[in-house]
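J.: no FASTA, just this:
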């Protein structure tokens with residue numbers, strides 16, 4: 001029986017869930033570290049210059065809290081918890097961190113364009129009309145850039161996602177693992 005998003009957000013991991021995750025993690029990563037190429041494999045993405053590969057590199061780096069180019073078990077559990085159970089505010093902050101390629105704390109038009117290319121889907125308006133890349137960028141900046149400086153700050157990003165359903169759906173980052181770490185009980 002499925003849980004609502006709110007129920008999943010509020011549920012803490014119990015000891016048996018953590019133990020099961022650890023057993024799986026150690027079986028798949030006997031070194032105790034999950035490397036980038038293994039991370040990409042989980043999501044069914046091959047290494048290379050593709051937008052998906054570059055995107056997953058940003059996702060991986062966002063979870064690599066200590067910057068050692070691996071995910072240890074704690075980072076792995078924190079990542080899974082955020083992706084599968086995290087609160088909207090936390091997911092939006094994480095999405096911003098992933099999208100901010102240059103790490104300057106602002107999203108520019110190029111980074112917004114990259115979001116569209118990564119998602120590899122047609123973006124439509126509320127009436128179902130397909131928007132061009134330029135139209136999507138214009139629409140996001142118009143709706144979210146409160147101080148009209150052409151960039152989107154974290155605060156503007158969060159506020160825009162909370163106030164506008166279209167913006168929230170566009171800016172929310174969904175990551176769905178396809179491999180061994182996807183546990184329906186998690």
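T.: Arrived safely. Here the structure is a predicted model, which is why all the values come from computation and not from measurement.
J.: residue 141: neighbouring residues, count only.
T.: Residues lying near residue 141 (other CB atoms under 10 Å) number 20. Every residue, glycine included, has its C-beta placed from N, CA and C.
J.: in this protein, what helix or strand scores lowest on average pLDDT?
T.: Lowest by mean pLDDT, DSSP states H and E among the helices and strands of the chain is helix 5-10, with a mean of 47.
J.: buried residues in the host helix or strand of residue 84?
T.: Per DSSP states H and E, residue 84 falls inside helix 73-85. Residues 73, 75, 76, 77, 79, 80, 81, 82, 83, 84, 85 are the ones in helix 73-85 that count as buried (16 or more other CB atoms under 10 Å).
J.: helices and strands around it, which ones?
T.: If contacts are counted by 3 or more CB pairs under 8 Å, 6 or more residues apart in numbering; DSSP states H and E, helix 73-85 sits against helix 5-10, helix 15-28, helix 51-63, helix 88-99.
J.: let's see it at 7 Å
T.: helix 15-28, helix 51-63, helix 88-99 (3 or more CB pairs under 7 Å, 6 or more residues apart in numbering; DSSP states H and E).
J.: export the buried residues of helix 73-85 to TSV and tack on distance to residue 25 and pLDDT?
T.: Shown next, in TSV, are the buried residues of helix 73-85 (distance: CB to CB, whole Å; pLDDT from 0 to 100):
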residue	distance to residue 25	pLDDT
73	5	92
75	11	90
76	6	86
77	8	86
79	11	81
80	10	79
81	13	78
82	16	78
83	15	72
84	15	73
85	17	75
